[in-house]
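Colleague: How does the following fold in three dimensions:
(chains A, B, C and D)
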4 protein chains.
Amino acid sequence: MAPRADLARRAVAEALGTALLLAAVVGSGIMAERLAGGNVALALLANTVATGAALVALILTFGAISGAHFNPAVTLADASQGGLSWREVPAYILAQIAGAFAGVAVAHVMFGEALFSASRHERSGLAQMASEFVATFGLLAVIWGSARRRVEAVPFAVGAYITAAYWFTSSTSFANPAVTLARAASDTFAGIRPADAPGFVVAQLAGAAVATLAFRWLVPALPKVADRVVDRILPEDMS
Amino acid sequence: MAPRADLARRAVAEALGTALLLAAVVGSGIMAERLAGGNVALALLANTVATGAALVALILTFGAISGAHFNPAVTLADASQGGLSWREVPAYILAQIAGAFAGVAVAHVMFGEALFSASRHERSGLAQMASEFVATFGLLAVIWGSARRRVEAVPFAVGAYITAAYWFTSSTSFANPAVTLARAASDTFAGIRPADAPGFVVAQLAGAAVATLAFRWLVPALPKVADRVVDRILPEDMS
Amino acid sequence: MAPRADLARRAVAEALGTALLLAAVVGSGIMAERLAGGNVALALLANTVATGAALVALILTFGAISGAHFNPAVTLADASQGGLSWREVPAYILAQIAGAFAGVAVAHVMFGEALFSASRHERSGLAQMASEFVATFGLLAVIWGSARRRVEAVPFAVGAYITAAYWFTSSTSFANPAVTLARAASDTFAGIRPADAPGFVVAQLAGAAVATLAFRWLVPALPKVADRVVDRILPEDMS
Amino acid sequence: MAPRADLARRAVAEALGTALLLAAVVGSGIMAERLAGGNVALALLANTVATGAALVALILTFGAISGAHFNPAVTLADASQGGLSWREVPAYILAQIAGAFAGVAVAHVMFGEALFSASRHERSGLAQMASEFVATFGLLAVIWGSARRRVEAVPFAVGAYITAAYWFTSSTSFANPAVTLARAASDTFAGIRPADAPGFVVAQLAGAAVATLAFRWLVPALPKVADRVVDRILPEDMS
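Modeller: I've put the predicted structure just below:
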């Protein structure tokens, strides 16, 4: 493995990045719904553009510190291939979940809403479960495939993928267990009923696992790719 | 030729990538039509953004395995310049067609529709034939030209091109025989009547052939470019 | 100067690229107006996305052959700094104008319109003249500045710039004399009255000249940059 | 420090770039509001696309001359880490403010408005203050993080970030004191009441300071990054 930032810095980077991601997802959803005058396609288009762009910016920002996972499914998949050691996983996942909830609160403050509010947005049924499976399968496929080619492409690949996936899945592609839990605490455009969250998480983890198995076969060198999913730190940066 | 993944892995990559592409095209069409409240421009804009972004992500993902053709017209053109051997062509094309139909089925499941349904969307006439000829001519021009410059640019060039072509052709630029056949099996926003599909395929193959002839003259070194249209595998990846 | 394709190939590349650019500008304008149900903002947004994306794709495609000027103002500015020899300029400009008109005709065929039709779209007055001056000043600034940094950035810089300029100028930023002449032959969304075209061309050439003078001072090494505005051909491509 | 253009050239580049940025922000706001028929979401979407794209183009254009700060908060943060000497700071900030006002005037001329007009657009309250703090915190985080990875990514990271931030903050993310002052002189879509500007500036500077402190800890090598926030000039450019 290449030299890396210590775990405390990486965990803070994961928390900060996931917080900004959730602020972007939830905040742009509130803004879009307020301005769109009832046209849901227009609201979702604005929400999509904001989310895809935020992902590009945030992965470029935090990738060189923590790998910019922002997502327990990515962390678990990366650990399964040796890209991250298992003992680092809890710090990553806790930071992601804490950051996600903080990001929701920040979005709510920026729009004058209560810090948290249980969502009443129903998202259930087979079509939505299938959507989250496909969405997370695709996300992991994109990460494994594009990280293999060259790590510089990952921010653009992931941002583009989620931009598309907001529209091609009936669930609008949460594809991220930490995001799912935190969006349950937002009774706004981007929310999900707490009761619907566990099903989403199960479908997401299944999609991530199947994509990782598929790429394990497609790309025999996958563990080398996994190492790249947490960015190297350049030696000259270690002052 | 540079070392490559074996044909089985490449065929699976073509099938998987084409399936995700069709899921994106058809799925986002369904979502967009459902939400747009009858405004076709808004629906097509969402469909466009999703398709262009999906292409960027999927070519970055599968390019380093199979070349990310996802398109029999591209595979045939590449083989004509020696980038792919003719005996590999049937596996590529079968994988693309099978993947395309699977992707349509996946989209339908994600939106609670029947697995397949014959489209009733009429797309015929000289203007649409001319559109498919121009669309596929342009697509092959973009691939030949941008692959020549540097293979890293191809995903962005193709994604940007199709984003534009959705709007500047009256057919919305299918530009892909496998995509055309599979979209005939979707009675949704992105569909095409089965009876109209053969005309589209003929116009697409003609456009691809003319573009390849034109670039054969414009770029004397085209066979070297063709080799790049199936990505090299880095030696360190061959563990 | 680095080795280059011969002038015939470069002129054909300029013609082909400019034709596809005009097909994109005019075609997407027709499609957008037909679908937008009278909402001009939505129509212009689709027209913008298509034009910006087309520029990215086409500059990536033809940049390595002819430099992908597609624009007499760019060719003249580049020649003024020695990037192109003056005896090559007429072939470039004629190819651009011929290609532009061909592209308009292709767009009209794809949408079932007459090959050419004189536009009745009035675009005149001081605000529009100022707009074309600013638009072309900005375009040349972007080309000089981004080509200096690294030539790989130019397609994205130009595509992004025109995407913005469609909206921040009251003329929607033609910024190109060949494009202006050809759009006078299209009585559609993207058209301009023939009587208004000469004023646009004068403002465009003035903007290009002032930007080039400004960057001549800002960047003392400008002639070295000019050489890069027609891409190098890699020696291994000269089979 | 790497060799750089002299301060006069860099100050002119900052003024020119900031002027074009303001022309884009204010001009596209006017155009969008005029065309959108009262739909604020559509107007803001067009304004967003234009602003994000303009940032990409302008940072690619002026980055290699002055670093393309266009923003006193960025200049101050960069100077605090030694990327710029404190004696250069006044020239940068004066150029940015002068350029910003010039850009507003240019936008107004292009749309037939008076050169300047005091805005009546109220933007006040805790939610908007919090928004500007978060917006500028995020902007500096993106700059510090993405410049560390590789300076070529900064234009895309910043453009993507602002695209998102227009939507995920209730203030639409001014995130720039020079921009804030100049937009107070535009009674159009993008304006802000002069009385509300000071609060915005305070929140912006606080956000920039906190982000810089956070990244000082996250990235021990931050001063080396700071040096990159003003681009190196390649020796071969110093003719």
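Colleague: in the helix or strand that residue A:15 is a member of, what's buried?
Modeller: Using DSSP states H and E, residue A:15 sits within helix A:7-35. Residues of helix A:7-35 classed as buried by neighbour count (16 or more other C-beta atoms under 10 Å in any protein chain shown): A:9-33, A:35. For the C-beta atoms, the positions are set from N, CA and C on the backbone; glycine is no exception.
Colleague: residues touching residue A:173, list them.
Modeller: Listed by C-beta atoms under 8 Å, 6 or more residues apart in numbering or on different chains, the contact partners of residue A:173 are A:131-132, A:135, A:139, A:162, A:165-166.
Colleague: Need those residues in a markdown table (columns: distance to residue B:113, neighbour count and secondary structure).
Modeller: Supplementary listing: the contacts of residue A:173 in a markdown table, determined by distance: C-beta to C-beta, whole Å; neighbours: other C-beta atoms under 10 Å in any protein chain shown; DSSP: H, G, I helix; E, B strand; the rest coil:
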| residue | distance to residue B:113 | neighbour count | secondary structure |
| --- | --- | --- | --- |
| A:131 | 13 | 30 | helix |
| A:132 | 18 | 29 | helix |
| A:135 | 18 | 26 | helix |
| A:139 | 23 | 27 | helix |
| A:162 | 23 | 26 | helix |
| A:165 | 18 | 33 | helix |
| A:166 | 19 | 28 | helix |
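Colleague: number of nearby residues for the closest residue to chain C within chain A?
Modeller: Sorted by distance to chain C under C-beta to the nearest C-beta, the residues of chain A start with residue A:42, at 9.1 Å. The burial metric for residue A:42, expressed as a neighbour count using other C-beta atoms under 10 Å in any protein chain shown, is 26.
Colleague: That one touches residue D:42, doesn't it?
Modeller: Yes. Using C-beta atoms under 8 Å as the test, residue A:42 is close enough to residue D:42 to be in contact (6.4 Å).
Colleague: picking up where we left off before, which one of the contacts of residue A:173 is nearest chain D?
Modeller: The shortest gap between chain D and any of the contacts of residue A:173 belongs to residue A:162, at 12.0 Å (C-beta to the nearest C-beta).
Colleague: isn't that closest one right up against residue A:172?
Modeller: No. With the criterion set as C-beta under 8 Å, residue A:162 and residue A:172 do not qualify as a contacting pair; they are 9.8 Å apart.
Colleague: got the buried residues for the helix or strand of chain A with the lowest mean pLDDT?
Modeller: Across the helices and strands of chain A, the lowest-confidence element by mean pLDDT, DSSP states H and E is helix A:222-229, at a mean of 79. For helix A:222-229, the neighbour count (16+ other C-beta under 10 Å) marks A:222, A:224-229 as buried.
Colleague: now what about stretch A:103-112, what contacts it?
Modeller: Contact with stretch A:103-112 is made by A:18-27, A:30-31, A:113-117, A:182-183, A:185-186, D:125-127, D:130-131, D:134, D:168-170, as judged by C-beta under 8 Å, 6+ apart.
Colleague: so where's chain A uncertain?
Modeller: Residues of chain A that meet the criterion pLDDT under 70 lie in A:1-3, A:230-239.
Colleague: how about the helices in it?
Modeller: If DSSP state H is used as the criterion, the helices of chain A fall at A:7-35, A:40-66, A:72-80, A:89-110, A:126-149, A:154-168, A:177-183, A:197-218, A:222-229.
Colleague: Residue C:148 is nearest to which of the ones you listed?
Modeller: helix A:40-66 (22.7 Å; C-beta to C-beta).
Colleague: Next, report how far the closest one is displaced from the centre of its chain.
Modeller: With C-alpha atoms, centre = their mean, to the nearest Å as the basis, the distance from the averaged C-alpha position of helix A:40-66 to the chain average is 10 Å.
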